[in-house]
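Student: Below: sequence and its predicted model.
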Amino acid sequence: MSAWVPDALEDLQAALSGASPPLEFLPGEGDAPRWVQRPELADSGAAAVVRTSGSTGTPKETLLSAENLRASAEAAAEHLGGHGQWLLTLQPSYVAGLAVLSRSLQAGTEPAVLLEQTTDSESFAEAAAQLTHQRRYVSLVPTQLQRLLGHVSTEAGTDEDRLLAVLRRFDAILLGGGATSPALFGRAQQLGLTVIRTYGMSETAGGCVYDGVPLPGVTVETEAAEDSAGTDDAGVGPVLLSGPMVALGYTDPALTAARFGTDAQGQPQYRTDDLGRLSPEGRLSITGRADDVINTGGVKVSAERIRQVLEADPQVSDAFVAGVAHPEWGQQVVAAVVLSAGLDTEALRRRVREALGPAAAPKQFRELEALPRLANGKPDRQELLRLVQSPPAPPAP
């Protein structure tokens, strides 16, 4: 086990019990994170401070209480079938990493650690081999799993075969921090992996909806737009999450007032930036973000739904879609794509047109070797917006 883990667990436990000021983990050098106490927030009720990823702008400091973290850990364990031992592959400065530490405290286990070379097959297998508990878990972002599966082979006797056995040994592989493509999820299932797609954020102490199903104690609502009846967007609206794992708020009171409140049952509630729809059975599907609606020629289309259609094409391994200012249309749809085969723009446009209508078909494509990402594996939306808004490069002579 990594030498820093016992000290981190001890200091986190002290913050959770109120014996020390709130704790904030900072991005570390190599395999060892750093953490500091935040005595100026001692009266806030927080046990930990987590900065949001900043994928859409300036990171916000989120205040998480001991009850938030404990409720999240207990709800996850109840859904997964029990507490266990975790492999930590994400820095605890991000909520997914912090959640692994808090879940370990609740379980009375010590996590194995792999914060560097997380997608190297040999390093991953060796780190996972340190797990000794009957129940074993890991949290990954989709990019990590996709790269790991790039090493997997079904040929017996290879190192890749060892990696597949290690991945199959996990009782659950939680995927969060971004959308999981149907191709990645399908391949993971075909290989016999127990993959669970999670939805949540710093403001909910991590994932609080697993495969569309709210965890115990979580209530999910959507605010459907009044003018959406009878349209494809009927029932779609901003996602509201309630429950004991919802954070106290931010260090900024104005931001707190704008995002946090209580639901009809008096539970803490957080208003997300995401748009979603609830099935009659109460299963949540995310359809996009409130700020990803593109208005092109007076027709509103969802960048997220376009991205989903593009990634369903075998030639596209990753995609990002945004609206770019246009003098005639107001905005035009532009897509950045990472390809596993040659770019056939007409075929991609036709796929989107047939699925979502002519207004949704991208007018331009930017081919990238990989999507730029933040340190936590999420797509860097700010850099991607800059890329799709810049003029396309002239063709090579």
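Tutor: Nice, thanks for sending it over.
Student: Helices of the stretch 1-150 of the chain, start to end?
Tutor: Remark: helices assigned in the stretch 1-150 of the chain by DSSP state H, counting those that start in this stretch are 4-17, 66-80, 95-107, 121-128, 142-149.
Student: meant to ask about the stretch 201-350 of the chain, not that
Tutor: 253-259, 303-311, 345-356.
Student: Show the average pLDDT along the second one.
Tutor: Confidence for helix 303-311, expressed as mean pLDDT, is 87.
Student: Packing partners of it?
Tutor: Here helix 303-311 touches helix 182-190, strand 284-289, strand 316-326, strand 330-339, helix 345-356, going by 3 or more C-beta pairs under 8 Å, 6 or more residues apart in numbering; DSSP states H and E. Yep, even glycine has a C-beta here, placed from its N, CA and C like the rest.
Student: In JSON lines, list the ones you listed along with mean neighbour count, mean pLDDT and distance to E383.
Tutor: What follows is those, written out as JSON lines (neighbours: other C-beta atoms under 10 Å; pLDDT from 0 to 100; distance: least, C-beta to C-beta, whole Å):
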{"stretch": "helix 182-190", "mean neighbour count": "15", "mean pLDDT": "90", "distance to E383": "22"}
{"stretch": "strand 284-289", "mean neighbour count": "19", "mean pLDDT": "87", "distance to E383": "17"}
{"stretch": "strand 316-326", "mean neighbour count": "20", "mean pLDDT": "87", "distance to E383": "10"}
{"stretch": "strand 330-339", "mean neighbour count": "21", "mean pLDDT": "89", "distance to E383": "10"}
{"stretch": "helix 345-356", "mean neighbour count": "16", "mean pLDDT": "90", "distance to E383": "22"}
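Student: can you tell which of the ones you listed is closest to P379?
Tutor: strand 316-326 (6.1 Å; C-beta to C-beta).
Student: List the contacts of the closest one.
Tutor: Residues from elsewhere that reach strand 316-326 (C-beta atoms under 8 Å, 6 or more residues apart in numbering): 146, 181, 183, 292, 294-296, 303-304, 306-307, 310-311, 331-340, 348, 362, 364, 370-371, 379, 381, 384-385, 388-389.
Student: if I look at R350, how far off is A360?
Tutor: 12 Å (C-beta to C-beta, to the nearest Å).
Student: about what we covered before: in JSON lines: the helices of the stretch 1-150 of the chain, plus distance to D263.
Tutor: Formatted as JSON lines, those follow (distance: least, C-beta to C-beta, whole Å):
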{"stretch": "helix 4-17", "distance to D263": "25"}
{"stretch": "helix 66-80", "distance to D263": "15"}
{"stretch": "helix 95-107", "distance to D263": "22"}
{"stretch": "helix 121-128", "distance to D263": "39"}
{"stretch": "helix 142-149", "distance to D263": "30"}
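Student: And the ones you listed, which one averages the lowest pLDDT?
Tutor: helix 142-149 (a mean of 90).
Student: Specify the angle between it and helix 121-128 in degrees.
Tutor: On the basis of axes from the mean of the first three to the mean of the last three C-alpha atoms, to 10 degrees, helix 142-149 is oriented at 110 degrees to helix 121-128.
Student: Now do the buried residues in helix 142-149.
Tutor: 142-146, 148-149 (16 or more other C-beta atoms under 10 Å).
Student: and the helix or strand following that helix, how far out from the chain's middle?
Tutor: Moving toward the C-terminus from helix 142-149, the next helix or strand (DSSP states H and E) is helix 159-169. The chain centroid and the centroid of helix 159-169 are separated by 24 Å under C-alpha atoms, centre = their mean, to the nearest Å.
Student: try stretch 81-92
Tutor: For stretch 81-92, the distance to the chain centre is 16 Å (C-alpha atoms, centre = their mean).
Student: pLDDT of it, averaged?
Tutor: 96.
Student: from what I can see V49 touches E24, true?
Tutor: Yes: checked against C-beta atoms under 8 Å, the pair V49 and E24 is within contact range at 4.1 Å.
Student: More neighbours: those two, which one.
Tutor: Counted by other C-beta atoms under 10 Å, V49 and E24 do not tie: V49 has more neighbours, with 25 against 21.
Student: picking up where we left off before, single out the most deeply packed of the helices of the stretch 1-150 of the chain.
Tutor: For these, the largest average neighbour count (mean count of other C-beta atoms under 10 Å) is found in helix 95-107, namely a mean of 24.
Student: Report the angle between that one and helix 4-17.
Tutor: 80 degrees.
Student: and the helices and strands packed on helix 303-311 as CSV, adding distance to G45?
Tutor: Below are the helices and strands packed on helix 303-311 laid out as CSV (distance: least, C-beta to C-beta, whole Å):
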stretch, distance to G45
helix 182-190, 38
strand 284-289, 28
strand 316-326, 38
strand 330-339, 42
helix 345-356, 45
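Student: distance of G150 from V338?
Tutor: With C-beta to C-beta as the criterion, G150 and V338 are 13 Å apart.
Student: Need the residues touching each of V49 and E24.
Tutor: Residues touching both V49 and E24 (C-beta under 8 Å, 6+ apart): R38.
Student: Output the helices of the stretch 201-350 of the chain as JSON lines; include the columns distance to A375.
Tutor: As requested, the helices of the stretch 201-350 of the chain are exported to JSON lines (distance: least, C-beta to C-beta, whole Å):
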{"stretch": "helix 253-259", "distance to A375": "23"}
{"stretch": "helix 303-311", "distance to A375": "22"}
{"stretch": "helix 345-356", "distance to A375": "30"}
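Student: Of all these, which one is nearest A112?
Tutor: helix 303-311 (31.7 Å).
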